[in-house]
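Colleague: Provide a 3D model corresponding to the input given below.
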Amino acid sequence: MTGVPLYRERRHTLFFLEVIRDFSPVFLDTEVDMTAVLAHRAVHHHAITAYVLHAAGRVLAKHPEANAAIQGRLRPRVARYPFVSGKVTLDRTLNGRRVVLGTVVPNLHEAAIADIHAHLTRVRHGDPEKLKDFEGVRRLHAAPWALGRRRFRRAARSLSLRPHLTGTFAVTSLGHRAVDSFHSVGGTTTTFGVGRITDRVVVRDGVPAVAPVMRLSLSFDHRVIDGAEAADVLTEVKEALETL
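Modeller: Model (predicted):
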């Protein structure tokens, strides 16, 4: 057996994993009754991820402590942002390679679900070899390894550039497959993991009933916020989805 060089299309993933090594994750999860979301979706045909982004954007606007980023070890600094932007990870094929690409949906504190869905549709169905959204990643792949790594680390260290690179929070979904729940670190203070929607038994007014339920997880960086704040965020996103 002989080793082969890592193909260029995965470089950005490795650079990202290096940058987030300081992350101190804690994991939470809950179940969301998706009855209201699915009823709305039956009419408007929006992506499930769009609903999660919309709900989380509104909630994080009310939690500036969580809509933040941290930088530094010896003298850490925390930036709290007056806007909310969400990074979404996408399963795409670039130069014949299956890779994870990310897009940042801006201004989620005020964006409509339809506009969020339109952004996701554009990047999901557009050509990743041509879309401007992935221009930075393509340049990273084309650069020599050391130069690309240095550029990525420099951008990630900047508290002013970071929300445009990774968002102020992240959402990642594996709900298209038989995955009930998972936890991911998205390089942001909060990252939501979206599982599949499946029928489960719930209790309504003391009576068992069957409802479409989605597992929603939250990983948070304990350097920035504590568990109580994170629990508030997750609970409020759950409530926003259930009362759409």
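Colleague: at which residues are the strands of the protein located?
Modeller: 25-33, 68-71, 77-80, 86-94, 97-105, 169-173, 190-204, 207-221 (DSSP state E).
Colleague: what residues sit buried inside the fourth one?
Modeller: When burial is assessed from 16 or more other CB atoms under 10 Å, strand 86-94 yields the following buried residues: Gly86, Lys87, Val88, Thr89, Leu90, Arg92, Leu94. Placement of C-beta: from N, CA and C, glycine included.
Colleague: wait, isn't the second one in contact with Ser184?
Modeller: To tie it back to what came earlier, the one meant is Lys87. No - look at Lys87 against Ser184 with CB atoms under 8 Å: they stay out of range, at 11.1 Å.
Colleague: got any residues that touch both of these two?
Modeller: Listed as contacting both Lys87 and Ser184 by CB atoms under 8 Å, 6 or more residues apart in numbering are Ala170.
Colleague: tell me the contacts of Val224?
Modeller: By CB under 8 Å, 6+ apart, Val224 lies in contact with Glu65, Ala66, Ala68, Ala69, Ile70, Val78, Thr189.
Colleague: show me what the fourth one is bridged to.
Modeller: Judged by DSSP bridges, the bridge partners of Ala69 are Ala79.
Colleague: report the longest helix in this protein, please.
Modeller: Of all the segments of type helix in the chain, defined by DSSP state H, the longest one is helix 227-242.
Colleague: any idea how far Gly186 is from Gly136?
Modeller: 17 Å (CB to CB, to the nearest Å).
Colleague: which one of those two has more residues nearby?
Modeller: For Gly136 versus Gly186, the count of surrounding residues by other CB atoms under 10 Å is larger for Gly186: 24 against 15.
Colleague: pLDDT below threshold where in the chain?
Modeller: Applying pLDDT under 70 to the chain flags residues 1.
Colleague: ok, and for stretch 136-149, which residues are buried?
Modeller: In stretch 136-149, counting by 16+ other CB under 10 Å, buried: Val137, Arg138, Leu140, His141, Ala143, Gly148, Arg149.
Colleague: who touches the third one in this structure?
Modeller: Contact criterion CB under 8 Å, 6+ apart gives Arg11, His12, Phe15, Gly148, Arg151, Phe152 as the residues in contact with Leu140.
Colleague: burial count for the closest residue in space to Arg77 that isn't next to it in sequence?
Modeller: Spatially, and ignoring its direct neighbours in sequence, Arg77 is nearest to Gln71 (5.4 Å; CB to CB, 6 or more residues apart in numbering). Gln71 is flanked by 15 other residues according to other CB under 10 Å.
Colleague: count of neighbours near the residue lying closest to Val137 once chain neighbours are set aside?
Modeller: Among residues not flanking Val137 along the chain, His12 sits closest, at 5.1 Å (CB to CB, 6+ apart). His12 has 22 neighbouring residues, counting by other CB under 10 Å.
Colleague: please apply the same query to Glu229.
Modeller: So Glu229, with other CB under 10 Å, has 16 neighbours.
Colleague: ok, it - contacts?
Modeller: His63, Glu65, Ala66.
Colleague: repeat that for 6 Å
Modeller: With contacts defined as CB atoms under 6 Å, 6 or more residues apart in numbering, Glu229 is in contact with Glu65, Ala66.
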